[in-house]
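*Asks:* For reference, the sequence and a predicted model appear below.
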Amino acid sequence: MFLKTLHLKQFRNYQEQRVDFVAPKTILVGNNAQGKSNLLEAVELLATLRSHRLARDRDLVRDGEAFGQIHAKLERQAGIIDLSVTLRRQGRRTVALNSEQLRRQLDFLGVLNAVEFSSLDLELVRGAPEQRRHWVDTLLIQLEPVYAHILQQYNQILRQRNAFLKSKGGFPMPVQEKEELAAWDAQLVTIGSRVVRRRARAIERLAPLAAEWHASISDRAEVLQIRYAPNVPFTATDPEGVQQAFLEKIEQRAIAEQHQNTTLVGPHRDEIELTINQTPARQYGSQGQQRTLVLALKLAELKLIEAVVGEPPLLLLDDVLAELDLNRQNQLLEAIQDRFQTLIATTHLAAFDSQWLQASQILSVNAGQIFSDQ
Ligand SMILES: Nc1ncnc2c1ncn2[C@@H]1O[C@H](COP(=O)(O)OP(=O)(O)OP(=O)(O)O)[C@@H](O)[C@H]1O
């Protein structure tokens, strides 16, 4: 797939800016805080309706404006598609495909696919489990858009079940409250199992791809393992098997839950373990080694999305390329070649190979305005 144009209106620090992409690689160059990451964020929103910066819609709308818009023209094998997202300072965002507003945001997902790689991704190694869950969830939304709906349902049931646990009377629980809790349990288990099985499937497919990239980038000196460590361990992978294990664990933790007034069992407590040479990656080695790991994860994401969707996704590199040493830069560039359209944000061009610069479209970003250097 190829993003041909992007048109930002009142989005972040852009008033109105159209960009035409004319090469497989586009380099956005500019000083800090000029709008490079904002542009990549707009593309990320088109792909996932999420921002890795976890921004609220009112932060995405340009200061002083009531709404902001992102329009794009995307070329896919099946033809050209127009995408648009309207963000409001107050009120819900709306999405449209080929100028037709969609009732369900779900139908917007999966049209444009992109993998984002920024310095925040180092938190995948160093950060809390929540970061890794968010990463797998964002990937899953692109692999199976219906997952966005499943996750939303799960979070809603979780909030309601937690509210119930907080509001209930004393201990032990009266019969009527027990019945109500059992009804919440049933919903949590049904939807939670759908989350768990999908996460397990995604990690199973991603892990060997990432391990292969990691071995190749580290000259086979390191072995990366990615292991899903669900909060509800299960052996049978069919829906009934997972649901059964889930219910049993809820029963085991019932008393603790009633004391702590919060849901202790479910995929909101999952972990995804990353180990290098059998040592937790967080403890393993230098920043450079952790960067190699994240690079391997990102390359694996690209390949997995390509395999599932059938077309190469976009790659968004936010200020990370110049931080990689030449060997890793070259590995990355060899892997993407011209197949994956790549948008690169950087503060300086000096770190890039000159041949490579000549083959790229170079755009300058200055205070929310974009100029072509060619
Ligand atoms: N809603 C908004 N309205 C107006 N300006 C905004 C809004 N949100 C962010 N900005 C501005 O956008 C700029 C940040 O741009 P961006 O994050 O794209 O930086 P960048 O060019 O990628 O630089 P860096 O190299 O520091 O990442 C800041 O000046 C910030 O004040």
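*Replies:* Yes, it's here.
*Asks:* Can you tell me what sits against the helix or strand where residue 331 lies?
*Replies:* Following DSSP states H and E, one finds residue 331 within helix 326-336. For helix 326-336, contacts defined as Cβ atoms under 8 Å, 6 or more residues apart in numbering pick out 213, 216-217, 291-292, 295, 299, 302, 315, 321, 324, 342, 351, 353, 356. C-beta: built from backbone N, CA, C; applies to glycine.
*Asks:* swap the cut-off to 10 Å and go again
*Replies:* 24-25, 117, 213, 216-219, 288, 291-292, 295-296, 298-299, 302-303, 312, 315, 317, 320-325, 342, 351-353, 356 (Cβ atoms under 10 Å, 6 or more residues apart in numbering).
*Asks:* Show me what secondary structure element comes after that helix.
*Replies:* Immediately after helix 326-336, counting by DSSP H and E, sits strand 342-346.
*Asks:* How about residues contacting the helix or strand following that following strand?
*Replies:* Downstream of strand 342-346, the next assigned helix or strand under DSSP H and E is helix 354-358. Outside helix 354-358, the residues that touch it by Cβ under 10 Å, 6+ apart are 25, 27, 329-330, 333, 349-350.
*Asks:* Shouldn't residue 27 be within a strand?
*Replies:* Yes: counting by DSSP: H, G, I helix; E, B strand; the rest coil, residue 27 is located in a strand.
*Asks:* isn't it right up against residue 353?
*Replies:* No: counting by Cβ atoms under 10 Å, residue 27 stays clear of residue 353, with 11.7 Å between them.
*Asks:* So which of those two has more stuff around it?
*Replies:* residue 27 (23 against 12; other Cβ atoms under 10 Å).
*Asks:* hey, what's the more buried one bridged with?
*Replies:* residue 344, residue 362 (DSSP bridges).
*Asks:* Around the ligand, pick out the residues from the stretch 201-350 of the chain.
*Replies:* Residues of the stretch 201-350 of the chain lying near the ligand by Cβ under 6 Å from any ligand atom: 319, 345, 347.
*Asks:* if we go to 8 Å?
*Replies:* Counting by Cβ under 8 Å from any ligand atom, the stretch 201-350 of the chain comes close to the ligand at 318-319, 345, 347.
*Asks:* Could you turn the buried ones of these into a ChimeraX selection?
*Replies:* Per 16 or more other Cβ atoms under 10 Å, the buried members of these correspond to this ChimeraX selection:
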select :318,319,345
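*Asks:* filter the contacts of helix 354-358 to the buried ones?
*Replies:* 25, 27, 329, 333.
*Asks:* now, among these, which is nearest to the ligand?
*Replies:* residue 27 (12.8 Å; Cβ to the nearest ligand atom).
*Asks:* which helix of the chain spans the most residues?
*Replies:* Using DSSP state H to define each element, the chain has its longest helix at helix 175-217.
*Asks:* Next SSE downstream of it?
*Replies:* Using DSSP H and E, the first helix or strand after helix 175-217 is strand 224-229.
*Asks:* residues of that next one that come out buried?
*Replies:* 224, 226, 228.
*Asks:* Got the confidence number for the first one?
*Replies:* pLDDT for residue 224: 95.
*Asks:* circling back to that earlier point, for the buried residues of strand 224-229, please prepare a markdown table with the additional fields distance to residue 131.
*Replies:* Below are the buried residues of strand 224-229 laid out as a markdown table (distance: Cβ to Cβ, whole Å):
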| residue | distance to residue 131 |
| --- | --- |
| 224 | 17 |
| 226 | 14 |
| 228 | 15 |
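*Asks:* Send me the helix holding residue 331 as PDB with only the CA atoms.
*Replies:* Below are the C-alpha coordinates for helix 326-336, written out as PDB (Å, rounded to 0.1, in the frame of the first residue of the first chain):
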ATOM      1  CA  LEU A 326      25.500   2.000  10.900                       C
ATOM      2  CA  ASN A 327      25.300  -1.800  11.000                       C
ATOM      3  CA  ARG A 328      21.700  -1.800  12.400                       C
ATOM      4  CA  GLN A 329      20.700   1.100  10.100                       C
ATOM      5  CA  ASN A 330      21.800  -1.000   7.200                       C
ATOM      6  CA  GLN A 331      20.000  -4.100   8.400                       C
ATOM      7  CA  LEU A 332      16.800  -2.100   8.700                       C
ATOM      8  CA  LEU A 333      17.200  -0.400   5.300                       C
ATOM      9  CA  GLU A 334      17.900  -3.800   3.700                       C
ATOM     10  CA  ALA A 335      14.900  -5.300   5.300                       C
ATOM     11  CA  ILE A 336      12.500  -2.600   4.100                       C
END
